[in-house]
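*Asks:* kindly generate the corresponding structure for this input.
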Amino acid sequence: MSHLYPVYPGGELTSQRKAEFWKAARVSLERRLAAGGGYTGWSRAWVICLWARLLEGDLAHESLCRLLQRSTGPNLFDTHPADDGWIFQIDGNFGGPAGLAELLLQSHEDVLRILPALPKAWPKGSVTGLRARGGIEVDIAWAAGTATTATLRAHLTRSQKIALPPGFSRVTVNSVNVTIDKGVFEIPLQPNAVCSLAFRVLACALFGRGGAGASPAPTPALSASSARSQRKCFH
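*Replies:* Residues are numbered from 1 along each chain as shown. Purely as a prediction, here's the structure:
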């Protein structure tokens, strides 16, 4: 899968940048998996990250489950096939959580994307302490398969573009409405300052790219608050 480096961990191929090659990468990944790829812990972890960058949350979730079921020892060490048993290989222990984070937050296109590939298996939850490029710490809470609030803490003075999650038409930043241009808004960030985002529903909230179909919309008026970690990982 080395030729898929520009998808992950690189960022040269995205849905917005060289989209035809990004689509071709999906075909290549599908063919590689059909031929038996992803049978080691390190390669399965890479598959999770690739599906996340291809905005396929459900397929990434399937590979995350396979990583735990087939390539993880009873002590949670990542495994690599060796003769009739296995040996420890740390790549999957690093790559698995990296892929999980990519499902919830992406920032490699200079735009912060919240829940870009949320699997349908995680309809409700929260996460704290994710890190985005540019020295930004992000907490996210979601319900009914879509974001409700997000909290940003910057470590640098900067301006940050953020993509409005699917299914929303408005967002408030520290209780103030902001202007949205083609689904993206931009906010100033200051070190040690907390920036609280609350999203408002357009019609019905949709799952992220990882899920199909509509789900009930959350309450239109949403309060901004920090989210606590969701320890339950799958269902």
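
*Asks:* tell me the bridge partners for Ser196.
*Replies:* Thr151 (DSSP bridges).

*Asks:* my guess is it meets Thr149, correct?
*Replies:* Yes - with contact defined as C-beta atoms under 8 Å, Ser196 reaches Thr149; the gap is 6.9 Å. Every residue, glycine included, has its C-beta placed from N, CA and C.

*Asks:* now do the SS call for the residue nearest the centre of the chain.
*Replies:* The structure's the chain has its C-alpha centroid closest to Leu103; by C-alpha atoms, centre = their mean the separation is 2.0 Å. At Leu103 the chain is in helix, as set by DSSP: H, G, I helix; E, B strand; the rest coil.

*Asks:* cool, Ala60 as well?
*Replies:* helix.

*Asks:* so what's it closest to, chain neighbours aside?
*Replies:* Setting aside the residues directly before and after it, Ala60 is nearest to Trp51 in space (C-beta to C-beta, 6 or more residues apart in numbering), at 3.7 Å.

*Asks:* how near is the one you found to Leu100?
*Replies:* 11 Å (C-beta to C-beta, to the nearest Å).

*Asks:* neighbour-wise, which of the two wins?
*Replies:* Trp51 (29 against 21; other C-beta atoms under 10 Å).

*Asks:* residues contacting the more buried one?
*Replies:* 29, 57, 59-60, 63, 99, 117 (C-beta atoms under 8 Å, 6 or more residues apart in numbering).

*Asks:* which phi and psi values does Ile90 adopt?
*Replies:* When quoted as degrees, to the nearest 10, the phi and psi of Ile90 stand at phi -80, psi -10.

*Asks:* which residues does the closest residue to it other than its chain neighbours bridge with?
*Replies:* The spatial neighbour of Ile90 that comes closest, neighbours along the chain excluded (C-beta to C-beta, 6+ apart), is Asp78 at 6.1 Å. According to DSSP bridges, the residues that bridge with Asp78 are Thr72.

*Asks:* that's all I had, so thanks and see you.
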